[in-house]
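>>> how would this look folded up:
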Amino acid sequence: MSTVKNITIVGHASKGKTTLTEAMLNVAGVTERMGKVADGNTVSDCDAEEKKRHISISSSVLQFSYNNSKINVVDTPGLFDFAMGGAEGLRAADAAIVVVSARSGLAAGAEKAFRNAGKKGMARIIVTSKMDDERADFYKAFNGLVAKFGTSMCPVCVPVISGGKVAGYYNMIDEKTYTYDGVHRKESDVTHDDTGRFDAIIEVFNEAVAGTDDELMEKYFEGEPLTKEDKIKGLSIGIADGSIVPVFALSGATGEGVDMLLDFVADCCPAPKSEYAVDADGEPVELNVDNNAPLAAVCFKTIADPFIGKLNYFKVVSGKITAGLTVVNARTGDEERVGKIVSTLGAKQTDVKEITAGDIGAVAKLTTFKTGDTMCAPSNVVTLDGVAVPHASYSMAIAADRKGDEEKIANAVSKMMEEDPSITFVSNTETKQTVLSGLGEQQLDVCMSKLKAKYNVNANLQEPRVAYRETITKKVEAQGRHKKQSGGHGQFGDVFIEFEPYPGEELEFGERVVGGSVPKNFFPAVEKGLRESMERGVLAGYPMVGVKATLFDGSYHPVDSSEMSFKMAASLAFKNGISQANPVLLEPIVTLNAICNDEAMGDIIGDINKRRGRVLGMNPTADGMQEIVAEVPQAEMNTFSTAMRQITQGRGSFTTAFARYEKCPEHIAQKVIEQSKAE
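Okay, the predicted model is just below:
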């Protein structure tokens, strides 16, 4: 059986990830020619939106054979708005190839991906791509990597600079220089312009490899040259334990050097390893990569397309998935029968009989499974770690262009949420808006395009309304008198109520009626009338909070008084009294926890201050970042995700949680009141 290697390609946007994937497929003989992102004809960018926008929007799974290994590549988007794709790739793979531009050096997205892969204990490889660009400078880029990540950086394939240009590539493992005609290489005796620098970087490689193993270290110190087998052994040990991060110089656009990367993946990248799951009793259990063990597989990606149907991608940790097998969804407890199983190359599907332990594949038409779920044998129900879904931080209200299309929108968005769980969709009964949330403007823009193209629904995005509240600030007394005569029995209710501020959220109702001026059996009707009135305040129609109402007097008619009469009287007293009790508007305040790099901290604090926020404190985090804790009015937070991303260059993140309501500044309150009247 061939050895399985699961790798994901991650990094910043527009640094050559999809182009590298195309080159890998071409070098491996899977494709006859390389597609181009700009032409919309790459294998991995197969979605209509990706072709239209010339960017990767979702992860793409590409499975092929190379040098007796089965290589599963998960190509992921680099834009932060589509970070869900990166999360899928990191869950499915055992090694991450981080793509860095040799021209512009390390970017924020690559740095973030490198650290995320490290947190998961994954093997990491760095590729400095775009070596075909005349402005590319591998040695400058490599020094930048060492400065940022330390001496674990290990050059494996480096450019040979002759006459100031890249003349070939030197492979440290076999100690040979190669020149390329397209993707085909041949040995060359071309030499480096700066032999001192070249010798120094070879020494960096030898030291790094020798440091992974006592036997190799001894050999190195004795001056004995390391063989190719020694180097592969040292690199395999180092990449697995994280002490070595191999660095490859190559060009995805021309394919030069890509064969050496593929050779390395096949020879040195770690095979799938055992994982821990949780059993039905909540106890941890170790699952070995064994075809004969009970099945346990994690769903790391879902496609829910109205045209091609539903497809769930699984990484099998132990056991195997075969057609006709009865499996259990550990989350729901539902049993399903496995139908069609496929391997994929972008949009192309090939039927396969099974997905074995350690391998990746997709199962069609499962009904209960979604991203993050565990598929397991009915005899051994366990739950594996799911996918780390990025937190939605940007929200807009979505409104149908045509009345009656609301249900169509809800159904379509629920399908999109199956594909991308970083999208959330909530109907806010208070503001009477349906709010679509995601990771940024581009993600929501893609959602709107898909609504129209795939589901034939037109909608638009609007600013989400803020759920304000109203309260009172002084104590007043008010009368409410309801009298109506319309033939037969009339209606009569008369109440005197005292209204005062109260620290609670709900209405606090009390009574101190003496002498039976209002019979006790009408008290519940008075309370009900007040509670219903609390739902709509007198300033801008927002719900009232913090009111205590005490019924202290009134009058009744033995024939014409009824529960309805006293309910109406209470409503009138409420309107009369609240408007005289100095009503004010309250705005929701959220607690903001923002994580950012040191350099961005001052600008983030400045931005929080501009949003009427108050910084409560700052704390260093375990990974060298800074946490800023602040309180900010919710009304000012809608564009914070965009500002945060710009200021931190995508390195930062944040969460918010409702804290309390506070009095709204007069000038803000006036705008809100005027807006409510206009509506």
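
>>> tell me the contacts of residue 354?
320, 321, 322, 323, 341 (Cβ atoms under 8 Å, 6 or more residues apart in numbering). Yep, even glycine has a C-beta here, placed from its N, CA and C like the rest.

>>> how does it look with 10 Å?
Residues near residue 354 by Cβ atoms under 10 Å, 6 or more residues apart in numbering: 291, 316, 320, 321, 322, 323, 325, 338, 341, 361.

>>> from those, which is closest to residue 80?
Ranked by distance to residue 80 (Cβ to Cβ), the contacts of residue 354 are led by residue 361 at 29.1 Å.

>>> re the thing from before, of the contacts of residue 354, grab the buried ones for ChimeraX.
Written as a ChimeraX command, the selection of buried residues from the contacts of residue 354, which uses 16 or more other Cβ atoms under 10 Å, is:
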select :316,320,321,325,338,341,361
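
>>> Identify those among the contacts of residue 354 that sit within helices.
The members of the contacts of residue 354 all map outside helices under DSSP state H.

>>> Tell me the one among the contacts of residue 354 nearest to residue 278.
Distance to residue 278 across the contacts of residue 354 (Cβ to Cβ) is lowest for residue 316, with 17.8 Å.

>>> which residue sits closest to that closest one, ignoring its sequence neighbours?
Counting by Cβ to Cβ, 6 or more residues apart in numbering, residue 297 is the residue found nearest to residue 316 once chain neighbours are left out, at 4.3 Å.

>>> Relative to residue 282, how far out is that neighbour?
According to Cβ to Cβ, to the nearest Å, residue 297 and residue 282 sit 20 Å apart.

>>> coming back round to it: for the residue nearest to residue 316, give me its contacts.
Going by Cβ under 10 Å, 6+ apart, residue 297 touches 287, 312-321, 327, 355, 357, 359-361, 363, 369, 373-376, 384.

>>> What strands flank the helix or strand where it lies, and is each parallel or antiparallel?
Element membership for residue 297 (DSSP states H and E) is strand 296-305. Strand 296-305 has its sheet partners listed here by DSSP bridges as strand 309-318 (antiparallel), strand 374-376 (antiparallel).

>>> hey, what's the residue nearest to residue 316 bridged with?
Applying DSSP bridges to residue 297, the residues it is bridged with are residue 316, residue 375.

>>> can you pull out the helices in the stretch 451-600 of the chain?
Counting by DSSP state H, counting those that start in this stretch, one finds helices in the stretch 451-600 of the chain at the ranges 523-534, 563-580.

>>> wait, what's in contact with the most centrally placed residue in the chain?
For the chain, residue 390 is the residue whose C-alpha lies nearest the centre (Cα atoms, centre = their mean; 2.2 Å). Going by Cβ under 10 Å, 6+ apart, residue 390 touches 80-84, 86-87, 420-422, 438-439, 653.

>>> make it 6 Å
Residue 390 makes contact with 83, 84, 422, 439 under the criterion Cβ atoms under 6 Å, 6 or more residues apart in numbering.

>>> can you count the residues close to the last one?
Here the count is done by other Cβ atoms under 10 Å, and residue 439 has 23 residues near it.

>>> One more: residue 293?
When neighbours are counted by other Cβ under 10 Å, residue 293 registers 17.

>>> Quick one: classify it as helix, strand or coil.
At residue 293, secondary structure determined by DSSP: H, G, I helix; E, B strand; the rest coil is coil.

>>> now residue 224
Classified using three-state DSSP, residue 224 is coil.

>>> roughly how far apart are it and residue 215?
For residue 224, the distance to residue 215 - Cβ to Cβ - is 11 Å.

>>> Next, the residues that contact stretch 81-92 from outside, please.
Contacts of stretch 81-92 (Cβ under 6 Å, 6+ apart): 8, 10, 57-59, 74, 76-77, 120, 300-301, 315, 360, 387-388, 390, 420, 422, 439-440, 442-443.

>>> Mind checking which of those residues are buried?
Buried members of the contacts of stretch 81-92, counted by 16+ other Cβ under 10 Å: 8, 10, 57-59, 74, 76-77, 300-301, 315, 360, 387-388, 390, 420, 422, 439-440, 442-443.

>>> Okay then, goodbye and thanks.
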